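# Requesting a structural model of the entry that follows:
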Amino acid sequence: MSNRAKGLGIAVLAVLVLMPDTILFRLIRSDEWVLMFWRAGFQGLSLWVALILWRGARLADDLRGLGRHGWGFAVAMGIAACCFTLAISWTTVANTLFIVATTPLWAAILSWLWMGERASRRTVWTIAVALVGIGVIAVSRDAGGVAHWSGDLAALGGAIGMAIGFTLARRAQGQSMVPALALATVLPIGLGALMGGAAMPLEGDLPILFLIGGVIAPVSFALLSTAPRYVPSPEVSLILLLETTFAPLLVWWIIGEHPGQGALIGGAIVISALLVSNIAGLRRAH
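Numbering: from 1, shown residues only. Predicted coordinates:
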């Protein structure tokens with residue numbers, strides 16, 4: 001198998017693992033703080049066990065060597081995790097995923113501000129068009145009354161938090177951020193506990209929470225971290241758009257959560273902007 005085929009296969013597998021995530025979120029009946037606490041708890045447990053088995057005694061040195069970029073990454077990704085959980089609880093799945101899909105655009109802005117990397121004309125136009133799409137999503141209403149501006153704002157906070165984390169990871173010059181990602185789970189666990197989420201979930205929710213936090217999150221992260229070793233990151237981003245596009249439709253079909261016409265139009269604007277931009281970037285790279 002060629003490296004390209006291997007990388008594309010890993011990225012597609014990551015999307016397939018990640019796809020049921022939002023559907024499972026909608027099956028949980030416990031409140032958002034219980035969801036936040038247990039999801040992060042199971043994710044943290046999986047990551048720490050994996051790190052201890054993988055790094056052993058060297059893990060302490062890894063944590064000490066994180067530096068300010070690593071600790072900043074942990075805080076940013078912890079905030080992003082809190083925002084994503086609140087977004088998925090306070091607005092529609094479609095709104096959440098469409099807005100979170102703009103993460104690379106915010107990362108481009110931060111790279112320009114912090115690292116002096118001048119944004120290309122293509123990136124500027126992509127950001128402008130995507131902001132139009134987000135605006136359409138923000139003012140739209142869904143048939144079930146699930147969408148709310150607070151959830152949309154939380155989704156935007158999650159996108160910006162991840163963008164900050166990715167930018168800091170780049171500034172860390174190739175240093176592994178997996179220990180920092182494990183540390184990031186402390187923030188949602190703490191906030192969830194502070195808001196009363198440390199209680200036992202409702203009956204039937206615990207296995208779903210374990211599947212989301214203990215299996216889907218760490219496995220999909222491991223696959224998405226591996227794929228760019230074999231294919232360019234823009235190609236991985238293109239494949240990730242499959243999850244952004246089809247997950248809201250699956251939730252609509254299986255759960256019956258209609259995203260609303262406005263969200264579909266705004267999402268189509270965002271996805272189209274990202275799709276055209278990534279394809280143009282790939283053609284230019286080749």
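# from here on, contacts and neighbour counts on C-alpha atoms
Noted.
# residues of stretch 19-30 that come out buried?
The neighbour-count check on stretch 19-30 (16 or more other CA atoms under 10 Å) flags 19, 20, 21, 22, 23, 24, 25, 28, 30 as buried.
# Quickly note the distance from the spatially closest residue to residue 3 that is not a sequence neighbour to residue 105.
Nearest non-adjacent residue to residue 3, counting by CA to CA, 6 or more residues apart in numbering: residue 230, 5.3 Å away. Distance of residue 230 to residue 105, computed by CA to CA, to the nearest Å: 23 Å.
# Who has more neighbours out of those two?
residue 105 (22 against 16; other CA atoms under 10 Å).
# so the more buried one sits right up against residue 122, yeah?
No: counting by CA atoms under 8 Å, residue 105 stays clear of residue 122, with 10.9 Å between them.
# The helix or strand harbouring residue 182: which residues count as buried?
With secondary structure defined by DSSP states H and E, residue 182 is part of helix 178-184. Using 16+ other CA under 10 Å as the test for burial, helix 178-184 gives 178, 179, 180, 181, 182, 183, 184.
# What residues of whatever helix or strand comes next after that helix count as buried?
Note on helix 178-184: by DSSP H and E, the next helix or strand toward the C-terminus is helix 186-194. Neighbour-count burial for helix 186-194, with 16+ other CA under 10 Å as criterion, is recorded at 186, 187, 188, 189, 190, 191, 192, 193.
# Where does the prediction get shaky in the chain?
For the chain, applying pLDDT under 70 flags the ranges 1, 117, 119, 143, 173-174, 228, 232-237, 282, 284-286.
# show me where the stretch 1-150 of the chain has helices.
Using DSSP state H, counting those that start in this stretch, the helices of the stretch 1-150 of the chain run over 3-18, 21-27, 32-55, 58-64, 67-90, 93-100, 103-115, 121-139, 149-171.
# how would you label residue 210: helix, strand or coil?
Here residue 210 is recorded as helix under DSSP: H, G, I helix; E, B strand; the rest coil.
# Now it: closest residue in space that isn't a chain neighbour?
Per CA to CA, 6+ apart, closest to residue 210 is residue 42, 5.9 Å.
# Surely that neighbour is in contact with residue 213?
Yes: counting by CA under 8 Å, residue 42 does reach residue 213; the two are 5.0 Å apart.
# count of neighbours near residue 67?
If you count neighbours by other CA under 10 Å, residue 67 ends up with 12.
# now residue 126
Counted with other CA under 10 Å, residue 126 comes out at 22.
# Does the closest residue to it other than its chain neighbours lie in a helix or a strand, and which?
Nearest residue to residue 126 in three dimensions, chain neighbours excluded: residue 273, at 5.5 Å (CA to CA, 6+ apart). Assigned by DSSP H and E, residue 273 belongs to helix 261-285.
# Also residue 256?
Here residue 256 is assigned to no helix or strand, by DSSP H and E.
# who touches residue 20 in this structure?
Listed by CA atoms under 8 Å, 6 or more residues apart in numbering, the contact set of residue 20 reads residue 247.
# And for residue 250?
If you count contacts by CA under 8 Å, 6+ apart, residue 250 has them with residue 23.
# separation between it and residue 209?
Separation of residue 250 from residue 209 (CA to CA) stands at 19 Å.
# do the same with residue 51
Counting by CA to CA, the gap from residue 51 to residue 209 is 21 Å.
# Just want to know which of those two has more residues nearby.
Using other CA under 10 Å as the criterion, residue 51 and residue 209 rank with residue 209 on top: 27 against 16.
# who touches the spatially closest residue to the more buried one that is not a sequence neighbour in this structure?
Leaving aside its sequence neighbours, residue 209 sits nearest to residue 39 (CA to CA, 6+ apart; 5.6 Å). For residue 39, the contacting residues are 209, 210, 212, 213, 214, by CA under 8 Å, 6+ apart.
# Of the buried residues of helix 178-184, which is the nearest to residue 144?
Of all the buried residues of helix 178-184, residue 184 has the smallest distance to residue 144: 33.5 Å, by CA to CA.
# Now do the contacts for that closest one.
Residues in contact with residue 184 (CA under 8 Å, 6+ apart) are 73, 74, 75, 76, 77, 78.
# The last one contacts residue 191, doesn't it?
No: checked against CA under 8 Å, the pair residue 78 and residue 191 is beyond contact range at 10.0 Å.
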